[in-house]
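Participant: predicted model follows, preceded by the sequence.
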Amino acid sequence: MANSLDQLKLAGQRLLVIISDHAGSIPLFLFFRLITRYALPRAQAVDFLLALDTHPPLTEEALLRLVGLMPAELEAVWRLAQMEQTTC
């Protein structure tokens, strides 16, 4: 995945990553960390859109668990990335 991200021309670009609130078999915490580690330093902005389908919005605590962040990491990551939740 890192090799694929390195090939993207992200300089000056905004990256939108759409993720599911019930990601199934994907290790979303790992995916989130890889995307933020490789894309945040390169892209102008990285936005995550959490697709809720028909589920209610997640609390901040549930959102942190979903993407594998500790509360202490929240400020550092969200200064550089944004997370929105949407339903169908």
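Facilitator: Looks like it arrived, so ask away.
Participant: and the residue lying farthest from the centre of the chain, which of the three is it?
Facilitator: Residue farthest from the centre of the chain, counting by C-alpha atoms, centre = their mean, is residue 54 at 19.9 Å. Assigned state for residue 54: coil (three-state reduction, DSSP: H, G, I helix; E, B strand; the rest coil).
Participant: then residue 66?
Facilitator: helix.
Participant: do you know the pLDDT at it?
Facilitator: Residue 66 is assigned a pLDDT of 84 by the prediction.
Participant: do you know how far it is from residue 40?
Facilitator: 18 Å (C-beta to C-beta, to the nearest Å). The way it works is simple: take the backbone N, C-alpha and C, and place the C-beta from them, glycine included.
Participant: quick one on the thing from earlier: any idea of the pLDDT on the residue farthest from the centre of the chain?
Facilitator: 79.
Participant: mind checking the backbone torsions on it?
Facilitator: As for residue 54, its main-chain torsions (degrees, to the nearest 10) stand at phi -110, psi 10.
Participant: for the nearest residue to residue 83 once chain neighbours are set aside, helix, strand, or coil?
Facilitator: Nearest non-adjacent residue to residue 83, counting by C-beta to C-beta, 6 or more residues apart in numbering: residue 48, 4.6 Å away. Assigned by three-state DSSP, the conformation of residue 48 is strand.
Participant: perfect, that will be all.
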